[in-house]
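Participant: Generate coordinates for the sequence data below:
(chains A and B)
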Amino acid sequence: MEGGQGSVDPARLAKMRAMAAEGLDPYGGRFERTAAADDLHRAFDAWSGRTVRVAGRIRAIRGHGRMTFADLEDATGTIQLQFTADGLGEEAYRRLEWLDLGDVVGAEGTVFRTRAGEPTVGVASWRMLSKSLRPIPSRFYGLRDVDLRQRQRYLDLIANPSVRRAFELRSRMVARLRRFLDQRGFVEVETPILVPLAGGATARPFRTHHHALDLDLSLRISIELHLKRLIVGGMERVYEIGRVFRNEGISTRHNPEFTMLELYQAYADLRDMMELVESMVHDLALHLTGGPIVDCQGTRLDTTPPWPRVWLLEALEAACGVRWLEVEDDAEARAKARALGVEVDAAASRGHVLDKLVAHFVEPELVQPTFLLGHPVEISPLAKALPDRPEVADRFEAFVLGRELANAFSELNDPIEQRRRFMAQVEERRRTASEEIPDPDEDFLQALEYGMPPTGGLGVGVDRLAMLFTGATSIRDVILFPLQRPEPPAEPAPEGAAGRAGAGEGEA
RNA sequence: GCGCGCGUAGCUCAGCUGGUAGAGCAGCUGACUCUUAAUCAGCGGGUCGUAGGUUCGAGCCCUACCGCGCGCACCA
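Facilitator: As a prediction, this is how the structure comes out:
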């Protein structure tokens, strides 16, 4: 039997029906609370002796004959309830036999301290708000099965308090991110996810189809080309925080759908983007951790600007001796990589090999926040070249803990050069049979031809940023419902069998 | 896609060189009016991921498949 996938617990079902038979709704409605669990601990003196209404999930029951204690958990914490036969009356006390771990109840009573000093609600009346028909995970052993934790995230949230804290932190981080950008005059926009042509990055897209228009569509792999159209249109500072989709492998750092922040600032360049990233991450650190230091997986990361700048081609030469601009063609690039013990695909292009070499020799060294800059133009088709070095792009990637956190460049706004770059990509695709290189986006080229101001652009992996601040080792720890294969066995409708037995399949 | 590992009760886990499955918690029954991982007495609970194979005998060995994790590859 798959964990958590069995049918409902017959004993709980029987209790639920017994309640209903006595005219008590096991799935109650609105319940007005006057305090949260945490209030009663923090402000006990103010509450002591007063009547309070609390609601939440039952996490523990301790029966003592004619008196019963229970722990009630809400979003803020846990408060103890005390039920006594003397206080409730025999009839109401007897109804406690319907109560199970995991039930959601509302209770009203008087706040007091037990002999042991525990703030407690002495219950005068209580109501079932939702009868739990399945056992919830053990409070003390938690839920460890990684698959189940993601498949049934609600159980993970119930069993493992740190999970909720991590997602709340992510929420605060994104809220702060928006605030930071709004204060700098950026306008948040939403652009299409369903697109005829998925461009702005190299990745295999997901394909889909619109029936009414009989139109093949893809899910976007980046936000870039739409946001730049807005820059052309005179929106000088725009950003979008949204989902992008790449039809690629899954790993501790990759989910097929993930959240990107992309922003574009007219009349700015790479220098402005560096300052922006530094300030933004520093700002997040101050607000989320209270200081500039982020402790991530045992490493103290100092986000204080300015971050070190490392020139990519120089770092590569220092690390493995390859003078990249002297590499003639794809074949020589592959040979050099293999000579250094780096495996590359037989059809790999120069640019692809460079990515591999940098990932292998340079990136792991970039632990503290660092800018790696000056990528070759050949792997930066949307970036402006340096004025004095046409083969080097005015581009950086920001790294932390050896992981790429951001990617930025001075945007290429020359439509003729942009078209040339797209054509070079088409040529590379033809050479390498790559499925990741998109077709040239003619509509985007047309926009550039109307004139795009010089612009600085930036992309940030929001999930990875969340990993940094939560200390997560897997991207799945910061995505509530990461992509998973569906459960194989179709489960029959739980409880339906008992409820409808003999009644046929007729539906009202 | 390739490699390695894992899959045993609702949950967390044991299970020896192969001899027919265990604990704690949860559940059920009973006792108990200040407990808080309550305590005490008793009870039930398993197609050992699935399907084959080897063997007198398989949770354990072999094969395939399914699922998950990790690493590699792809990428952010």
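
Participant: can we go C-alpha only for contacts and neighbour counts from here?
Facilitator: Will do.

Participant: So which bits of the stretch 201-350 of chain A are right by RNA strand B?
Facilitator: Contact residues, the stretch 201-350 of chain A versus RNA strand B (C-alpha under 7 Å from any atom of the strand): A:201-203, A:245-246, A:248-258, A:343-345.

Participant: What separation is there between A:Asp443 and A:Ser48?
Facilitator: Per C-alpha to C-alpha, to the nearest Å, A:Asp443 is found 69 Å from A:Ser48.

Participant: what does A:Ile231 give?
Facilitator: In terms of C-alpha to C-alpha, A:Ile231 sits 60 Å off from A:Ser48.

Participant: more neighbours, the two?
Facilitator: A:Ile231 (22 against 17; other C-alpha atoms under 10 Å).

Participant: any weak-confidence spans in chain A?
Facilitator: Applying pLDDT under 70 to chain A picks out residues A:1-7, A:487-508.

Participant: give me that answer again for 80
Facilitator: Along chain A, segments meeting pLDDT under 80 span A:1-8, A:138-142, A:343, A:345-347, A:432-435, A:485-508.

Participant: domain ranges for chain A?
Facilitator: Per automatic domain parsing, the structural domains of chain A span A:10-136, A:159-308+A:368-477.

Participant: Now do the closest residue to A:Thr34 other than its chain neighbours: how many residues are near it, please.
Facilitator: Distances taken as C-alpha to C-alpha, 6 or more residues apart in numbering place A:Arg53 nearest to A:Thr34, at 5.2 Å, with adjacent residues excluded. A:Arg53: 20 surrounding residues under other C-alpha under 10 Å.

Participant: In the sheet, which strands lie alongside the helix or strand where A:Arg53 lies, parallel or antiparallel?
Facilitator: Per DSSP states H and E, A:Arg53 falls inside strand A:51-63. With DSSP bridges as the test, strand A:51-63 is paired with strand A:67-74 (antiparallel), strand A:104-113 (antiparallel).

Participant: Of all these, which one is nearest RNA strand B?
Facilitator: strand A:67-74 (4.3 Å; C-alpha to the nearest atom of the strand).

Participant: How many neighbouring residues does the residue in the stretch 351-500 of chain A that RNA strand B sits nearest to have?
Facilitator: Using C-alpha to the nearest atom of the strand, the closest approach of the stretch 351-500 of chain A to RNA strand B is made by A:Arg485 at 3.8 Å. Taking other C-alpha under 10 Å as the neighbour definition, A:Arg485 ends up with a count of 7.

Participant: Quick one: residues contacting it.
Facilitator: A:Arg485 sits next to no residue when contact means C-alpha atoms under 8 Å, 6 or more residues apart in numbering.

Participant: what about it, distance to A:Glu365?
Facilitator: Counting by C-alpha to C-alpha, the gap from A:Arg485 to A:Glu365 is 35 Å.

Participant: Can you give me the first-to-last residue distance of stretch A:355-371?
Facilitator: End to end - C-alpha to C-alpha - stretch A:355-371 spans 16 Å.

Participant: In stretch A:466-479, which residues are buried?
Facilitator: In terms of neighbour count (16 or more other C-alpha atoms under 10 Å), stretch A:466-479 has its buried residues at A:466-472, A:474-479.

Participant: which residues sit against the longest helix along chain A?
Facilitator: As assigned by DSSP state H, the longest helix anywhere in chain A is helix A:161-183. If you take C-alpha under 8 Å, 6+ apart as the criterion, helix A:161-183 is touched by A:156-157, A:187-188, A:280, A:283-284, A:287-288, A:462, A:466, A:469-470, A:477-478, A:480.

Participant: one step back: now the domains of chain A in TSV, please, with extra columns for distance to A:Val146.
Facilitator: Below are the domains of chain A laid out as TSV (distance: least, C-alpha to C-alpha, whole Å):
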stretch	distance to A:Val146
domain A:10-136	16
domain A:159-308+A:368-477	10
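
Participant: about what we covered before: just checking, which of the contacts of helix A:161-183 belong to helices?
Facilitator: In this view, these that belong to helices under DSSP H are A:156-157, A:280, A:283-284, A:287-288, A:462, A:466, A:469-470.

Participant: Let's see the strand holding A:Arg53 as PDB, backbone CA atoms only.
Facilitator: This file holds the C-alpha atoms of strand A:51-63, laid out as PDB (Å, rounded to 0.1, in the frame of the first residue of the first chain):
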ATOM      1  CA  THR A  51     -13.000  33.900  27.900                       C
ATOM      2  CA  VAL A  52     -11.300  33.100  24.600                       C
ATOM      3  CA  ARG A  53     -12.200  31.400  21.300                       C
ATOM      4  CA  VAL A  54      -9.500  29.400  19.600                       C
ATOM      5  CA  ALA A  55      -9.500  27.100  16.600                       C
ATOM      6  CA  GLY A  56      -7.000  24.800  15.000                       C
ATOM      7  CA  ARG A  57      -5.900  21.200  14.500                       C
ATOM      8  CA  ILE A  58      -5.700  18.700  17.400                       C
ATOM      9  CA  ARG A  59      -2.000  17.500  17.600                       C
ATOM     10  CA  ALA A  60      -2.100  15.600  20.900                       C
ATOM     11  CA  ILE A  61      -4.700  14.100  23.300                       C
ATOM     12  CA  ARG A  62      -4.000  13.100  26.800                       C
ATOM     13  CA  GLY A  63      -6.900  11.500  28.600                       C
END
